[in-house]
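**Student:** prediction below, plus the sequence it came from.
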Amino acid sequence: MAPSTDNQLHELDRADVESYAIRGGTVHERFFDCPLDYASPENGKRVRIFVRHIVPLDKDAKVHELPFLLYLQGGPGYECSLPGSVKSGWHAKAIAEGYQILLIDQRGTGRSSPINADSLDAKFSTTAEKVEYVSHFRADNIVRDCEHVRKILCAGRKDKASQKLTLLGQSFGGFCITTYLSLFPNSIAKAFITGGVPPLVDNPDAVYKATYQRMISRNQQYYEKYPRDVARVRTIIEFLNRNCIKLPDGGNLSPRRFQQLGLYFGFTGGFDRVHQLVLKAFDDIDTINKLSAHTLTGIANMHSFDTNPLYCILHEAIYCQNGSRSLWSAHRVREECFAAEFEHSWDKILARSDPGMPVYFTGETVYPWMLDDYAQLRRLKDVAVGLAEYPSWGQLYDKSVLAKNTVPVAGVSYYNDMFVDFNLSEQTARSIRGFKQWVTNEYHHNGLSADSRVMSYLVDLLRGDITDL
């Protein structure tokens, strides 16, 4: 047991924490009270941060000694799922390396002061209040929450090395790590980034100009694999243009919403998942001239914008800093540069120079029309518009600090990543001193969950066991 501070029991020694076993470890569910705004902690506004603390099997006596690995989930807006076991995947590698694991629900997600239409309505009466509140839920404050948690859990440790966190960040989690490296480099022992080396931009325009090109490439690959889907998707888009289709949850299945299934093109196995829905929708139209409840439910379940609304309303803001506004960047870039490639209007599709060309799906992009098509997002429309026009986003990355970085960092960039552009990621990797970058085309964006070798390779790379890159 660690010595108590100010006569308070150490967080790791509390007996009132809910705990239970999973394969390979024990889970302790912990909550931490954090300032909403770290610039004004005295104002009394707080958020509650939830962390699952996983201790390896038979290591409970060493909780005050074992170093922590903190996992930062992709997003923004997604909670961290509970693993059924830590005897496989990256969890097993972390435990084999001697860590206990922290799985944090980033503020606004899961059990960490979740943000949705109901929670905002319960707290605030005006749109301005809601926008101001949500503006505190970006990477800078997520990192400050992590630092707050670190100080509590590592209090009383005599070994300075074990007072630091090792970080693992997937996708947006890698963005958060880069912010952590900028704000609190002395709190980090080492860091691993998978598919999430962020572009050091002030607004998203350059990001979408690059990723739309990658979406085009993935669409071409999809139709090369499933050439008969060219006609099937065209039939579905024509049908959705000519009919007003309601989803079971009250949302609209517009042509543009159907095109958003292309989000899955960025994941291993995504082509096949979309193809199965295309088959179902086409067969419905061909046989019963309507979309069945089974098909509509399957399409609705492919997207989580209603259940994880921050993924929409705060998505473009993750790229904004130094006072830049997003102003619906993906929509503007599409209209200015890629309108013909991602056309949804059937009349305009027929009017193209090649009216028989494929209808392309879109990817990880958000649009203002989603605030009408998604049932729960409708209730957040004014908030989303306010965030898109928000003029006071602060700094997320400090390039001068990153250029002098001394924290060991390794990251994997997926050459064909549809979400995080490789070229922009490579520029960032070069600007972080000592960054060890692994570039591969073997995986898509979800490489960390698709193959346990990804984590093992990064550990070996940082250790110096791999020298042939």
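**Tutor:** Sure, I can see it.
**Student:** any idea of the mean pLDDT in the top helix by length along the chain?
**Tutor:** The residue-count maximum for a helix in the chain (DSSP state H) belongs to helix 205-225. Model confidence over helix 205-225, given as mean pLDDT, is 97.
**Student:** next structured bit after that helix?
**Tutor:** Remark: after helix 205-225, the chain's next helix or strand is helix 229-242, criterion DSSP states H and E.
**Student:** what residues does that next one touch?
**Tutor:** Residues external to helix 229-242 that are found in contact with it (CB atoms under 8 Å, 6 or more residues apart in numbering): 222-223, 253-255, 258-259, 275, 278-279, 281-282, 285-286, 344-347, 349, 358-359. C-beta coordinates here come from the backbone N, C-alpha and C atoms, glycine included.
**Student:** out of these, name the ones that lie in helices.
**Tutor:** 222-223, 255, 258-259, 275, 278-279, 281-282, 285-286, 346-347, 349.
**Student:** list buried residues within those.
**Tutor:** Those of the ones in helices among the contacts of helix 229-242 that meet the buried threshold are Y222, Y223, P255, F258, Q259, H275, V278, A281, F282, I285, W346, I349, by 16 or more other CB atoms under 10 Å.
**Student:** and the fifth one, what does it touch?
**Tutor:** Looking back up the chat, that one is Q259. I237, F342, H344, V359, Y360, F361, T362.
**Student:** and the fourth one, by the same measure?
**Tutor:** With contact set as CB under 8 Å, 6+ apart, F258 has these partners: I236, I237, L240, A281, I299.
**Student:** from those, which two are the most distant?
**Tutor:** I237 and I299 (13.3 Å; CB to CB).
**Student:** quick one on the thing from earlier: who are the packing partners of the longest helix of the chain?
**Tutor:** helix 229-242, helix 270-288, helix 329-337, helix 422-431 (3 or more CB pairs under 8 Å, 6 or more residues apart in numbering; DSSP states H and E).
**Student:** now do the buried residues in it.
**Tutor:** Buried residues in helix 205-225 (16+ other CB under 10 Å): 205-208, 210-212, 214-215, 218-219, 222-223.
**Student:** ok so L167 is a strand residue?
**Tutor:** Yes. Under DSSP: H, G, I helix; E, B strand; the rest coil, L167 sits within a strand.
**Student:** name the nearest residue to it, sequence neighbours excluded.
**Tutor:** A191 (4.3 Å; CB to CB, 6 or more residues apart in numbering).
**Student:** would you tell me what the next helix or strand after the lowest-mean-pLDDT helix or strand in the chain is?
**Tutor:** Every helix and strand of the chain was ranked by mean pLDDT, DSSP states H and E. The lowest is helix 447-450, at a mean of 92. Per DSSP H and E, the first helix or strand lying C-terminal to helix 447-450 is helix 453-463.
**Student:** list the buried residues in that following helix.
**Tutor:** Those would be V454, M455, S456, Y457, L458, V459, L461, L462, for helix 453-463 by 16+ other CB under 10 Å.
**Student:** and L458, what does it touch?
**Tutor:** Neighbours of L458 in contact, by CB under 8 Å, 6+ apart: F192, T194, A410, G411, V412, W438.
**Student:** how about a cut-off of 7 Å?
**Tutor:** F192, A410, V412, W438 (CB atoms under 7 Å, 6 or more residues apart in numbering).
**Student:** what are the pairing partners of the helix or strand in which the last one is found, and which direction each?
**Tutor:** Read it as W438. Assessed by DSSP H and E, W438 sits inside strand 436-440. Within its sheet, and counting by DSSP bridges, strand 436-440 is paired with strand 409-414 (parallel).
**Student:** okay, the partner strand in PDB with CA atoms only?
**Tutor:** Extracted in PDB, the C-alpha atoms of strand 409-414 (Å, rounded to 0.1, in the frame of the first residue of the first chain):
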ATOM      1  CA  VAL A 409       7.900   7.600 -30.100                       C
ATOM      2  CA  ALA A 410       7.100   5.000 -32.800                       C
ATOM      3  CA  GLY A 411       4.200   5.000 -35.200                       C
ATOM      4  CA  VAL A 412       2.700   3.100 -38.100                       C
ATOM      5  CA  SER A 413       1.400   5.000 -41.100                       C
ATOM      6  CA  TYR A 414      -0.700   2.900 -43.500                       C
END
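**Student:** and it with helix 422-431, angle?
**Tutor:** Put simply, strand 409-414 runs at 170 degrees to helix 422-431, going by axes from the mean of the first three to the mean of the last three CA atoms, to 10 degrees.
**Student:** where does P185 land on pLDDT?
**Tutor:** So P185 comes in at 98 (pLDDT).
**Student:** that one contacts K404, correct?
**Tutor:** No. Look at P185 against K404 with CB atoms under 7 Å: they stay out of range, at 8.8 Å.
**Student:** ok, these two, which is more surrounded?
**Tutor:** P185 (17 against 12; other CB atoms under 10 Å).
**Student:** now that one. Nearest residue, chain neighbours left out?
**Tutor:** P185's closest residue in space is V407 (CB to CB, 6+ apart), at 5.3 Å.
**Student:** quick one: contacts for the one you found?
**Tutor:** V407 touches L181, P185, I188, K190, A191, counting by CB under 7 Å, 6+ apart.
**Student:** quick check on it: phi, psi?
**Tutor:** phi -80, psi 130 (degrees, to the nearest 10).
**Student:** residues touching V143, list them.
**Tutor:** C176, T179, Y180, L183.
**Student:** now with 8 Å?
**Tutor:** C176, T179, Y180, L183, F184.
**Student:** so how do I select the buried members of these in ChimeraX?
**Tutor:** Buried subset of the contacts of V143, written as a ChimeraX selection, criterion 16+ other CB under 10 Å:
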select :176,179,180,183,184
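**Student:** wait, which of the contacts of V143 is closest to Y367?
**Tutor:** Of all the contacts of V143, C176 has the smallest distance to Y367: 24.8 Å, by CB to CB.
**Student:** I figured S162 was touching L66, is that so?
**Tutor:** Yes. Look at S162 against L66 with CB atoms under 8 Å: they come within range, at 7.5 Å.
**Student:** any regions of this structure where pLDDT drops low?
**Tutor:** The chain contains residues with pLDDT under 70 at 1-7, 467-469.
**Student:** show me the strands in it, by range?
**Tutor:** 18-22, 25-35, 46-56, 68-72, 100-105, 165-170, 188-194, 409-414, 436-440 (DSSP state E).
**Student:** how far off centre is the third one?
**Tutor:** Put plainly, it is strand 46-56. 18 Å (CA atoms, centre = their mean, to the nearest Å).
**Student:** contacts for that strand?
**Tutor:** 22, 24-36, 63, 66, 80, 82-83, 86, 91, 95, 100-105, 107, 110-113, 145, 148-149, 153.
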